[in-house]
Every structure is written in structure tokens, then in C-alpha cells.
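Enquirer: Structure, please.
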Amino acid sequence: MEDGFLRSVGLGVEGTAPLSLVVDEVGIYYDARQPSQLENLILDSHHYPPETLQRANRCIQAIKQYRLSKYNQVSQASSAEKPTPHVLVIDQTQGDASVVGACADANTFTQMLRVAIESHPHETIWVKVHPDVMAGKKKGFLYPLPFEHPNVRILSERCNPWDLLDAQPVVYTVSSLMGFEALMANCEVHCFGLPFYAGWGLTHDQQICERRNQTRTLEQVFAAAYIDYARYVDPII
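Expert: The predicted structure follows:
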């Protein structure tokens, strides 16, 4: 059992109860070292009828319209505060099982940052600090920075992820869910780990999962993950 992809309004580390959960009887979605029910759903998603994919597309558009994310802490930044990154590197928290499950470690984050700098020598590289780190509850891999570079800046203010994705930056991630949100925002996404959305032809992958040997559309992966895999609590009833 694990948190779903539209979890709550607030952080779990601050005691906010989840409104979405996943129950996986095969493995768990963030552990690419073994199969999971979500991986099997994505492999079978080519059987989805058109109405399911249309529903997935409507859900994606609603998430973008209402600027929803996993934690939903900030609705929208003011125009004066809103950064417009062209290159975005997403940090995660130390001890996060999804990092190990994505076949990654601390060195993966350092390598990812170096590749981002080398691939965009004339751009500012923005490193987004994880909300749990900003709340003072956990430590990050890239905050404080593992090395200094004049092109790298830290983004540690609380913000809605869509404020960063509106500019459609090039996104670098290990296994963060924000990488999938970036796909919904039509961003170019580079994965240095193996999150559930990697390996299907949607991302630029540094690793290979032999089980994921089929291409899938964004709507197919979304329908498998957000509709068929996750369970939701109605917050009104």
C-alpha cells in the first residue's frame, strides 16, 4: 500500500491524511527491480477502448486547468514570484524508497545535475527542492548542492509545480512524480532512474527496463496509473 498520485492538500510528513491510495498485490509502482500491478496495467493498456483514453485526456486537461499535483500546497504564485525556468532539475529526499526502487542513488543525482549543466551551458539550471525538505522534515540529495557552479540556482520557495511547468522547461528527474506531471505539460523529460512512466517511449531514459518493451501514449499510462491503479476517497461525502 502506498500514497496515490493525487494525494492530498498538504504534506503527509505534516500529518495530512491521504485522499488517494494504491494497493498492489504484485509489487509496488516505484520499484522497477520487479514487476508491479501498475507495470502490468501499462503493458495491457493497448487494449483500452477509445472512451477510456478520452476520459484519460479529459482528466489530464482538468489536472492542468485546476493545477493539481500530489500535495497541492500552493494554488498559484503571483506573476512577480513566478519563475520561468528553461531547465529544471528535480531533487528528491534521502531515504525515499522510490530512489532505490528506480535503481538510483546519491551519485545518480550528482550525475544528473552535471549532465544538465553540460547539455545547457548557456542556461540557468534551476534545482527544485522537495517540499518535505523545505518543511524541514527531510534532507535532499541536491540541497545543499554537491558542488558549486555559476549557472546553478536553487528554487526553495513553495510553489505550485505548474508554475514551473507552464514555461515547458527541459526537465531532469530521477524518479519524481513531477516528471510525469511534466509530461502532462508537454515538457521534454530526461529520466535518470526508472520511475513508472519511464521505458514507454515518453521520456529520454538513461536506464533500460527489459520488461518495458512497448511504446505507450501519455493517455494510456495515465489511464493505467491514475484511473485503474489508484483508489480515491471522496473528500465531500
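
Enquirer: In terms of helices and strands, where is H190?
Expert: strand 189-191 (DSSP states H and E).

Enquirer: ok, then the element right after the helix or strand harbouring R58?
Expert: Here R58 is covered by helix 50-66, with elements defined by DSSP H and E. Later in the chain than helix 50-66, the nearest helix or strand by DSSP H and E is strand 87-90.

Enquirer: if I look at P150, how far off is S156?
Expert: 18 Å (C-beta to C-beta, to the nearest Å). C-beta here means a position set from N, CA and C on the backbone, and glycine is covered the same way.

Enquirer: Of these two, which one has the most company?
Expert: Remark: of P150 and S156, S156 carries more neighbours, 15 against 7, as counted by other C-beta atoms under 10 Å.

Enquirer: and the more buried one, what does it touch?
Expert: 129, 134, 143 (C-beta atoms under 8 Å, 6 or more residues apart in numbering).

Enquirer: ok, now C103?
Expert: By C-beta under 8 Å, 6+ apart, the contact list for C103 reads 32-33, 193-194, 207.

Enquirer: and the contacts of S156 as a markdown table, adding neighbour count?
Expert: Formatted as a markdown table, those follow (neighbours: other C-beta atoms under 10 Å):
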| residue | neighbour count |
| --- | --- |
| V129 | 20 |
| M134 | 19 |
| Y143 | 18 |
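
Enquirer: Please produce TSV containing these, extended by distance to I63 and pLDDT.
Expert: Conversion of the contacts of S156 to TSV gives the following (distance: C-beta to C-beta, whole Å; pLDDT from 0 to 100):
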residue	distance to I63	pLDDT
V129	23	94
M134	22	85
Y143	27	94
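
Enquirer: Return the subset of those lying in helices.
Expert: M134 (DSSP state H).

Enquirer: from the contacts of S156, which is closest to G4?
Expert: Nearest to G4 among the contacts of S156: M134, at 21.9 Å, using C-beta to C-beta.

Enquirer: Now do the phi/psi pair for the residue lying closest to D3 once chain neighbours are set aside.
Expert: With sequence-adjacent residues excluded and distances taken as C-beta to C-beta, 6 or more residues apart in numbering, D3 is closest to P18, at 5.2 Å. Dihedral angles of P18 (phi, psi; degrees, to the nearest 10) stand at phi -80, psi 150.

Enquirer: Output the below-cut-off pLDDT ranges for the chain.
Expert: Low-confidence regions of the chain, defined by pLDDT under 70, span residues 75-82, 237.
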